[in-house]
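# Sharing a sequence plus its predicted fold:
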Amino acid sequence: MSRWLAIAAIVLGAACSSSSPSGPPPAADAGPDLTVDSGAPDAPVADAAADPKPIAMTYTSEKGVAYPRFAWVGQKVAILSESSALDPKTMSRMLKVFDDVYRYYASATGKEPTLELEFQGKTTIADVPNGTTCGAGCSYLGLTGIELAHDYFVLLYDGVKDRDQWDQVTFYEFGRNFWFYDASIGLKKPDAADGIVTGFAVLMRFMSMDAVGVTPAPFSPTKPFATFRADVEKLVDAYVGNASDTWQTTLQVGKAPTGVTDLGATDLFASFVLRLVKVHGAGFVPKLWPAVFARPNAATSLDAADNFVVAASLAARTDLGDLFATKWKWPVSANARTACAAAGPAATLASY
């Protein structure tokens, strides 16, 4: 599999009425403070101005295979490379950025993954041989540890070193580590869960790259990252524009909107949330995920849909019921409609 084909595979694989007066949504703040840490204080580290020194160690992979590696240690992450002869300034830059990505995810979700794959108590980003992990990158849901196939590690490292451009795979994989929402919004069998679970990672890749201020590398040799992102952002419009597309024909069964061949249900879920972010601001995201986590366990997929709609309304402080039920064609129960109405003034559908 080529580098770019595997990246594409990652992406392809996610009616409330109100008596409240309509009006524009309340203003949202700009986003989470990356200096806020949801966990224990960091252990003392070397002077931040000093270049990191590689530490020889043995890494045991997700598949249980031991590899000699060199650990470059930051405050939240440790990057495990095959070679010790990497540029220390590039590695310092990578550690700083991925430390901040970790902090963004922790701030946006209000939680941290359980330690699984780790070095000195820090989540690992490990360079592993091509063909030994599940695609371009692989990671556990709700647990620490990211693996990058060697070609993708090189793609990331070379892009940072030569152009200060950042391949997107690692930002996406953090979205697997920080997934805590199966109980509240995960769809239940026999429905397709991937649209929501992977859609979270698709969304949070964009949000984390924005939050830490990196320049994305091209998504593929023929598609700039900005073009790819624009395609995802407008996917909700293609969905709305086709009367036959509904939650039941897309997210519930893990399919893209009608006629879309290069994106999937995961991108559609991300597109819904990106539209909410466009209206309510980046500060919507760190309100959304704690609200999702606080919802009761969903017994059915319809309960899961209810939970997401109510959580989104609470995060936006806006009744999003009519938006989801009429314009976005999601199923929402009467009880959820009542909860939506209590969240705030009704949304103006034309804004979305």
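Structure received.
# Contacts for stretch 113-121 next, please.
For stretch 113-121, contacts defined as C-beta atoms under 8 Å, 6 or more residues apart in numbering pick out 43, 57, 59, 62, 71, 73, 78, 80, 123-124, 126, 140, 142-146, 177-178. C-betas here are computed from N, CA, C, even on glycine.
# For residue 83, which non-adjacent residue is spatially closest?
residue 70 (7.0 Å; C-beta to C-beta, 6 or more residues apart in numbering).
# what about that neighbour, which helix or strand?
Assigned by DSSP states H and E, residue 70 belongs to strand 66-73.
# Not counting that strand itself, show me its contacts.
45, 52-61, 78-84, 86, 91, 94-95, 119-120, 122, 124, 126-129.
# Are any of these buried, and if so which?
52, 54, 59, 61, 78-82, 86, 91, 94-95, 119, 122, 124, 126-128 (16 or more other C-beta atoms under 10 Å).
# Among those, which are located in helices?
Among those, DSSP state H puts 91, 94, 95 in helices.
# my read is residue 199 is in a strand, agree?
No. Residue 199 is assigned helix when assessed by DSSP: H, G, I helix; E, B strand; the rest coil, not a strand.
# Next up, the contacts around it.
14, 265, 266, 267, 268, 269, 270, 273.
# ok so, going back, could you save the ones in helices among the buried ones among the contacts of strand 66-73 as CSV and add columns showing distance to residue 344 and pLDDT?
Shown next, in CSV, are those (distance: C-beta to C-beta, whole Å; pLDDT from 0 to 100):
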residue, distance to residue 344, pLDDT
91, 46, 98
94, 41, 98
95, 41, 98
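# Now render those as a markdown table, adding distance to residue 286.
Formatted as a markdown table, those follow (distance: C-beta to C-beta, whole Å):
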| residue | distance to residue 286 |
| --- | --- |
| 91 | 29 |
| 94 | 24 |
| 95 | 23 |
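# Can you give me the distance of the residue nearest to residue 83 to residue 342?
Note on residue 70: its distance to residue 342, by C-beta to C-beta, to the nearest Å, is 54 Å.
# And the helices in this structure, which stretches?
Counting by DSSP H, the helices of the chain are 3-12, 88-109, 150-163, 169-177, 182-185, 194-212, 225-233, 235-241, 265-280, 285-294, 301-316, 321-322, 334-341.
# List just the one of those that sits closest to residue 247.
Proximity to residue 247 (C-beta to C-beta) singles out helix 301-316 among these, at 6.5 Å.
# next one: that closest one to chain centre, how far?
Counting by C-alpha atoms, centre = their mean, to the nearest Å, helix 301-316 is centred 18 Å from the centre of its parent chain.
# so what secondary structure elements neighbour it?
Packed against helix 301-316, as judged by 3 or more C-beta pairs under 8 Å, 6 or more residues apart in numbering; DSSP states H and E, are the following elements: helix 182-185, helix 265-280, helix 285-294, helix 334-341.
# That one to helix 334-341, inter-axis angle?
Calculated by axes from the mean of the first three to the mean of the last three C-alpha atoms, to 10 degrees, helix 301-316 forms an angle of 10 degrees with helix 334-341.
# tell me the angle helix 301-316 makes with helix 265-280.
30 degrees.
# So what touches helix 301-316?
The contact list for helix 301-316 (C-beta under 8 Å, 6+ apart) reads 16, 25-26, 28, 184-188, 191, 196, 247, 252, 276, 279-280, 284, 287-288, 291-292, 294-296, 298, 319-321, 324, 330-333, 335-336, 339-340, 343-344, 347.
# for the ones in helices among the buried ones among the contacts of strand 66-73, which one is nearest residue 214?
residue 94 (10.4 Å).
# check contacts around the closest residue to residue 249 other than its chain neighbours.
Nearest residue to residue 249, sequence neighbours excluded (C-beta to C-beta, 6+ apart): residue 255, at 6.7 Å. Counting by C-beta under 8 Å, 6+ apart, residue 255 touches 192, 249, 264, 265.
# would you put the C-alpha positions of stretch 101-112 in CSV?
Provided in CSV are the C-alpha atoms of stretch 101-112 (Å, rounded to 0.1, in the frame of the first residue of the first chain):
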residue,chain,number,x,y,z
VAL,A,101,-1.8,18.3,20.9
TYR,A,102,-2.1,16.1,23.9
ARG,A,103,-3.0,19.1,26.1
TYR,A,104,-5.6,20.3,23.6
TYR,A,105,-7.3,16.9,23.6
ALA,A,106,-7.2,16.7,27.4
SER,A,107,-8.6,20.2,27.6
ALA,A,108,-11.3,19.7,25.0
THR,A,109,-12.5,16.4,26.4
GLY,A,110,-11.8,17.0,30.1
LYS,A,111,-10.3,13.6,30.4
GLU,A,112,-7.0,11.7,29.7
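# re the thing from before, which one of residue 70 and residue 342 is surrounded by more residues?
residue 70 (20 against 13; other C-beta atoms under 10 Å).
# Bridging across strands, which residues link to that one?
On the basis of DSSP bridges, residue 70 is bridged to residue 56, residue 81.
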